[in-house]
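K.L.:
here is my input, please return the structure:
(2 chains)
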Amino acid sequence: MRRFFGHSLLLLMLLAAACTPGGWQDAALAEEPPALYPDYTDITIPRNIAPLNFNILTPADACVVVLSGAGADVVLKGPEVRIPEKKWRRLLDGATELRVRIFVRRAGQWVALPETRWTVAPEEIDRYVIYRLIEPGYSNYGDLVLRQRDLSSFREKDLYNNLLISARTELQCINCHSFQNYSTENFQFHAREAAGGTVVVTGERGKKVAFKTGDLISNAVYPSWHPSEPLIAYSVNKTAQTFFRSDRQKIEVYDSASDLILYDVERDRVSYIVHDSLAYETFPYWAADGKTLYYASSWLPDWGADASTDPTLLTDRIRYNIYAIDFDPATRAFGEPRLVFDAVTDSLSAVTPRPSPDGRFLLSGVGRFGSFHVWHESGDIYLTDLTTGQTRPMDEINSDKAESFKAWSSNSRWIVFTSRRDDGSYTRLYFTYLDADGRATKPFLLPQRDPEQNRRLFKSYNVPEFTVDELRWDTKRLEDIILSEPVQVQQTAE
Amino acid sequence: MKRPGWYILFPGLLGFLVLTLFKTGLLYHLEQYSLFCPKGDWLASFFAQPGGVLALAGAFLTQFCHFPVLGAALFALGLCLLTRLVGKAFALEGRAAWLSVLPALFLLLFITRLDYSIYLFRTYGLLYSQLLGCCVAAALVLLYRKVALGERSSPLFVAATVLVGYPLFGAFALLAAFLMALLALGEGKRGLADLAAALVLGAAVPWMCGEMSGIFPRVHRKYVYFAALPYFEFVDNSICQVPLILAALALAALCFLRKAGRILVPTLLAAALLAVAAGSNWDSGFHTVLGMEQAVSEQDWDKVLKLAKKEQTPNRIHVLYRNLALYAKGRLTEDMFRYPDGDEPLHTRAPFPISHICAVPVLYYTGMINPCDRLAMENSTTFGKNIHYYKYQAKTALVSGEYELARKYLDMVGANWFEGRWVRRYRAFLDDPARMDADPEFQRLRPLLAYSWTKLETAASLQEMLFTHFADPAYINEAVFEWQAAVALIRKDAECALTCLFDRLERLPEAPVGTALAEGAALFASESGDPDMMRAIASLLADRSAMLQRFSQFGNAVNGARDLDSEKTKERFFERYGGTYWYYYLFVDINPNR
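P.N.:
Numbering: from 1, shown residues only, chains lettered A, B, ... in the order given. Model prediction:
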């Protein structure tokens, strides 16, 4: 009886509310655009993305959000808007656009904020993205993880985390993950310090590899798996860092030497690709056809009259161009380097080339100088049309903060990139859609179940890489590999 | 029903007194080096490791140490609760009931024993988590006594304790299972079966958690049996873990001490009390560091100076904090040698650089904003994020004009219950950054930010960073001059000190010269033997004839001294010239690499 009384009371209240004049359905239209976090106003999204949960920052006593797409409208209360996954899928099913109407109540009056639209792109995004979570620190590291995120949901899975090995006094760094042709079948990453070595996984087999051999100046550093052959191109780098005392740019990471090498995964042999003592070659990346290797290279700066000055004070003179070098997979022979993007002529420095899988475009990270643009506010992303050779800054996605790492989805239509635009220090993942003409849409932040998550997270997203399939190795198996004895690679003639 | 005896209150009262009389700085420090955020993802992170519940509860309770008396009262309550639970769990009655205070006393010792290792803590809530863990273990044993001891269900209960308890309470669940087995053994009831069950499961469950990535994908195999214990915290300083071992041994021994005799009870109690008294850390230097740290964080510069005056054998942290306070009071080159000076080593078995302890505030208040942010980031990356580092990172972001970054840090600090006032003060600058210009803290800081775009190599130590930073004697402004001159005096660098002085004299001929600097100038000029230099300094210090006369006496005393290296000579000079730069120059040597 008591429950019945309770239900009837609730019904009466709902009826009273529905009959009250001036409900959100009757709201007058306001002119001020909605303020959202993340800023999901007027964006293009893939059909297979997770629900775009957000917070309404527009001041209000109450908020209602109506999402319209395929199927029935979804009505949700704000200011924190969490969209149920099943309803989200129904909204997206066959829709080319979602309309987002936001109603806010202030001083008893409901107003409708201008509608925002989420255009649904015809092409899906690769389902998974793998990245490293790390504090934007300098020398020290604590809790590091390589993690895969399912972009169609909020599910995450660790590829590996360093707490498994790090001991009381001996910590372990993990970095530079790379996957062959968007698959988790074959991949590699480096472990440094405790139980250091490079973990190379091919199918069900894995091994730890020690690269320092012969006259190589360092262990293997920046990797790129050949899209079809059991080969990985690496740079070897002598890297150092120096710090600014009181400037927004806090650190400069620079190389004092670097070369490119090719690692034969099956034979555990390495050989030089480019080994010019007058140049710094770094950041190799294979074209999707496996016949071209892109990389960045800087000539040793001409110190001129400053030759006797401490070189760390002159790192702003190091500038890189993007080069390409042909490769014959059958003979494993490389051709002659050719200039692809001349940034130095414009007093810029271009690094981290990323050719699109369809071979049409090339993304580069560009800054005023140097190679480690994650720490440069001037760091931007540039796009080269490889059919015309024209390069332009992607102003439609760049911000006044550092943009740095980036990757293409396997269908060449989606780009994930890292940006420090939120707060200047912690890098976050942004996604943008690129049309056939190379025009990108307004980027959107990686959606999270809790829309505030990105604000509360005190780690940076680092080196995002798309994959089309889920990880099949678990962390403990990788731990066993890391604890095993390394295979020492041998250097062969160039 | 028998009333519990007042012995239950004994460890609580003792703990409350010790903590409030001697350890308030420690409690405040533990709060500042902790963090609590009542949000889902942050809370969930505690469940990635076995025993995370205890760390989470510990982090929550540590918030109350913002008011050390409150923190001490909570800890004291925990000690009383533990004593009560132990008494009931092990059915200690009569005289033997007094033995139930033993684990509580050892847990008190665990806290009072702490030394500089607290700067290496990586686990949240250690102040309370170990106490709570012991309470949980005792409560589980009590439950076992009530429902399973001597019953057929006994092995099942032990198994459930490990299976359910280990993920929540880590090693304390294993301890509880072990104690259950011992209790059964002690009382001669199915002891062997229980013991076997406990041992097998106690070994198997953590092992499985370490081997199977699906359960705890982030757990280190090597440490699975120590989950929820401070196994990372006491590098080269394992003596700090001894009280925890003693507490566990006491619990184990109580399984067999129900009939403890007239001699054994007072003997054990006396031994435990003696251990607390003798084993606690009474190092005044350590407590002065903690007191100064709190005063610096509250910008209570008078308190810093008061503490500096009291510490007769200071270490470099005391000296650095003291110099910050003198700078804030505008008396750095006036008074810096009137306080005790020295280079006393840190009294700890875990030697580590002082940068782990004081670099962040020292770099901030000397205007080295980026190194401050870097060290805060480096230390929090290695040892865990906390309120202390986030506060300085928020302030450096404000100074650098990175307001969104400052907001991020302020939001996190503000999530802690008792930090609202601090956060409101700095959040106000986000809404109106121009207000920073009128704020004394930023007014003092801004002139020091005169080294934009200058690079700084990674220095080996905090003191070397300061020395390098202020090594350039060229005059920039009065604030930088104060530090340049102070550093030159500390380094006994005559050329730098005199260049500083003359460079400034050219720009500001009428500016007063602080006493310490005047003493230094007189000494350096005299040492140079250059008549022009001596004349210039004498003219500059014309209004300090008394000081020059005293310096002349000092020179005579030095020339007349037979053995300047003897302690007796040093004492005599201290009596007459203690508090002068000349005494520092002659008798105080510091290690810049410490």
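K.L.:
the strands in chain B, which residues?
P.N.:
B:455-456 (DSSP state E).
K.L.:
what about the helices in the stretch 351-494 of chain A?
P.N.:
Counting by DSSP state H, counting those that start in this stretch, the segments of the stretch 351-494 of chain A that form helices are A:453-456, A:475-483.
K.L.:
buried residues in the longest one?
P.N.:
Spelled out, that is helix A:475-483. Under the neighbour-count criterion of 16 or more other C-beta atoms under 10 Å in any protein chain shown, helix A:475-483 has A:475, A:476, A:478, A:479, A:481, A:482 buried. Bear in mind the C-beta positions are built from the backbone N, C-alpha and C, glycine included.
K.L.:
chain center to it, what's the gap?
P.N.:
Offset of helix A:475-483 from its chain centre (C-alpha atoms, centre = their mean, to the nearest Å): 25 Å.
K.L.:
and if you look at the first one?
P.N.:
Taking the mean C-alpha point of helix A:453-456 and that of its whole chain, the gap between them comes to 17 Å (C-alpha atoms, centre = their mean).
K.L.:
which residues touch that helix?
P.N.:
Among residues not part of helix A:453-456, those counted as contacts by C-beta atoms under 8 Å, 6 or more residues apart in numbering or on different chains are A:37-38, A:422, A:428, A:445-446, A:448, B:37, B:39, B:41-42, B:408, B:411-412.
K.L.:
which of those has the most neighbours?
P.N.:
Compared across those, residue B:412 has the highest neighbour count, 26 neighbours, by other C-beta atoms under 10 Å in any protein chain shown.
K.L.:
quick one: that one from chain A, how far?
P.N.:
Look at residue B:412 and chain A: by C-beta to the nearest C-beta, to the nearest Å, they are 7 Å apart.
K.L.:
just give the closest residue to that residue, not the sequence neighbours.
P.N.:
Counting by C-beta to C-beta, 6 or more residues apart in numbering or on different chains, residue B:390 is the residue found nearest to residue B:412 once chain neighbours are left out, at 5.4 Å.
K.L.:
thinking that neighbour is in contact with residue B:413, fair?
P.N.:
Yes. Residue B:390 lies in contact with residue B:413 (C-beta atoms under 8 Å); the separation is 5.0 Å.
K.L.:
contacting residues around the residue in the stretch 301-450 of chain A that chain B sits nearest to?
P.N.:
With C-beta to the nearest C-beta, the shortest gap between the stretch 301-450 of chain A and chain B falls at residue A:423, namely 4.2 Å. By C-beta under 8 Å, 6+ apart, the residues touching residue A:423 are B:402, B:404, B:405, B:407, B:408.
K.L.:
repeat that for 7 Å
P.N.:
B:404, B:405, B:408 (C-beta atoms under 7 Å, 6 or more residues apart in numbering or on different chains).
K.L.:
so which of those also contact chain A?
P.N.:
For chain A, the contacts drawn from these by C-beta under 7 Å from any C-beta of the partner chain are B:404, B:405, B:408.
K.L.:
separation between the second one and residue B:425?
P.N.:
Using C-beta to C-beta, to the nearest Å, residue B:405 is found at 18 Å from residue B:425.
K.L.:
how close does the residue nearest to residue B:404 when sequence neighbours are not counted get to residue B:244?
P.N.:
Spatial nearest neighbour of residue B:404, chain neighbours left out: residue A:423 (4.2 Å); criterion: C-beta to C-beta, 6+ apart. Relative to residue B:244, residue A:423 is positioned 40 Å away (criterion: C-beta to C-beta).
K.L.:
do the same with residue A:442
P.N.:
Separation of residue A:442 from residue B:244 (C-beta to C-beta) stands at 56 Å.
K.L.:
and the two? which has more neighbours close in?
P.N.:
More crowded of residue A:442 and residue B:244, by other C-beta under 10 Å: residue B:244, with 21 against 16.
K.L.:
residues contacting the more buried one?
P.N.:
B:110, B:130, B:229.
K.L.:
what would those residues look like in CSV with neighbour count and distance to chain A?
P.N.:
Shown next, in CSV, are the contacts of residue B:244 (neighbours: other C-beta atoms under 10 Å in any protein chain shown; distance: C-beta to the nearest C-beta, whole Å):
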residue, neighbour count, distance to chain A
B:110, 23, 19
B:130, 24, 18
B:229, 23, 13
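K.L.:
could I get the residues you listed as a markdown table with distance to residue B:322 and pLDDT?
P.N.:
Conversion of the contacts of residue B:244 to a markdown table gives the following (distance: C-beta to C-beta, whole Å; pLDDT from 0 to 100):
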| residue | distance to residue B:322 | pLDDT |
| --- | --- | --- |
| B:110 | 31 | 97 |
| B:130 | 35 | 98 |
| B:229 | 38 | 95 |
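K.L.:
redo those as JSON lines? Include distance to residue B:147.
P.N.:
Compiled in JSON lines, those are given as follows (distance: C-beta to C-beta, whole Å):
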{"residue": "B:110", "distance to residue B:147": "31"}
{"residue": "B:130", "distance to residue B:147": "26"}
{"residue": "B:229", "distance to residue B:147": "28"}
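K.L.:
just those: which are in helices?
P.N.:
If you go by DSSP state H, the contacts of residue B:244 have B:110, B:130 in helices.
K.L.:
what residues does the stretch 101-250 of chain B have near chain A?
P.N.:
B:211, B:213, B:217, B:218, B:220, B:232, B:235.
K.L.:
if we go to 10 Å?
P.N.:
B:120, B:122, B:210-214, B:217-223, B:231-236 (C-beta under 10 Å from any C-beta of the partner chain).
K.L.:
any of these buried? List them.
P.N.:
B:120, B:210, B:213, B:217, B:218, B:219, B:220, B:223, B:231, B:232, B:233, B:234.
K.L.:
out of those residues, show me where the pLDDT dips lowest.
P.N.:
Within those, residue B:213 has the lowest pLDDT, namely 75.
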